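> after the sequence you'll find the predicted model.
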Amino acid sequence: MFPTLVCLSKASRRSLTPKRGNKDFYKGTRQAFLPGGHRTGAPGKHVVRGKAKYRLVDEQVRFFVAPTIDDIQNSSLRPYVNSTVKLTDGQKREVYGKLPRGGLTGEHYLSIAPRL
């Protein structure tokens with residue numbers, strides 16, 4: 001047996017963060033402690049005995065209300081660039097330049113990189 005190293009034998013006194021915890025450790029963002037308001041507390045209760053260790057309470061679970069699809073589509077707000085817009089061949093040539101015969105090479109990419 002090898003002797004245990006001193007730095008590994010004692011419990012760490014550093015604060016426990018999600019990065020230092022195991023894969024199931026979730027510290028949260030303190031949203032359950034917002035003052036006032038409806039449904040700002042924890043969404044359930046810890047159970048001492050039972051099959052499940054945490055029980056959700058329907059009255060405390062947060063839910064989000066979004067506008068209907070018709071309201072979104074009839075709204076005057078539009079995206080800055082439509083997702084269906086495609087570059088024409090002329091616009092592509094303007095941005096990327098004319099590609100060499102073998103396709104995009106490292107040298108060609110480095111020559112056009114400052115312009116992108």
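Structure received.
> so where do the helices sit in the chain?
For the chain, helices defined by DSSP state H occupy the ranges 6-9, 69-73, 89-96, 106-112.
> which one of these lies nearest to residue 15?
Distance to residue 15, taken as CB to CB, is lowest for helix 6-9 among the helices of the chain, at 17.6 Å. Backbone N, C-alpha and C define where each C-beta goes, glycine included.
> for residue 92, the count of nearby residues, please.
Residue 92 has 12 neighbours, counted by other CB atoms under 10 Å.
> same question for the one 3 residues further on.
Neighbour count of residue 95, defined by other CB under 10 Å: 11.
> and for residue 14?
Using other CB under 10 Å, the number of residues around residue 14 comes to 7.
> then residue 112?
13.
> kindly report the same for residue 88.
Neighbour count for residue 88, taken as other CB under 10 Å: 8.
> so how far is residue 106 from it?
Look at residue 88 and residue 106: by CB to CB, to the nearest Å, they are 27 Å apart.
> in this protein, which spans are strands?
Here the chain has its strands, by DSSP state E, at 44-46, 54-56.
> can you list those in CSV and add mean pLDDT and distance to residue 62?
Converted to CSV, these look like this (pLDDT from 0 to 100; distance: least, CB to CB, whole Å):
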stretch, mean pLDDT, distance to residue 62
strand 44-46, 82, 11
strand 54-56, 86, 11
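> give me the below-cutoff pLDDT ranges for the protein.
1-12, 29-41, 115-116 (pLDDT under 70).
> so which bits of stretch 105-116 are buried?
Within stretch 105-116, the residues scored as buried using 16 or more other CB atoms under 10 Å are residue 108.
> so how far is that stretch from its chain's centroid?
Taking the mean of its C-alpha atoms, stretch 105-116 sits 32 Å from the chain's own mean (CA atoms, centre = their mean, to the nearest Å).
> cool, stretch 68-78 as well?
Averaged C-alpha coordinates place stretch 68-78 at 25 Å from its chain's average position (CA atoms, centre = their mean).
> pull the CA atoms of it into PDB?
Extracted C-alpha coordinates of stretch 68-78, given in PDB (Å, rounded to 0.1, in the frame of the first residue of the first chain):
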ATOM      1  CA  THR A  68     -50.300  32.300 -29.500                       C
ATOM      2  CA  ILE A  69     -48.800  31.500 -32.900                       C
ATOM      3  CA  ASP A  70     -51.300  33.800 -34.600                       C
ATOM      4  CA  ASP A  71     -50.200  36.700 -32.500                       C
ATOM      5  CA  ILE A  72     -46.600  36.100 -33.300                       C
ATOM      6  CA  GLN A  73     -47.200  35.800 -37.100                       C
ATOM      7  CA  ASN A  74     -49.400  38.800 -37.200                       C
ATOM      8  CA  SER A  75     -47.000  40.900 -35.100                       C
ATOM      9  CA  SER A  76     -45.200  43.800 -36.800                       C
ATOM     10  CA  LEU A  77     -41.900  42.600 -35.300                       C
ATOM     11  CA  ARG A  78     -39.800  40.700 -37.900                       C
END
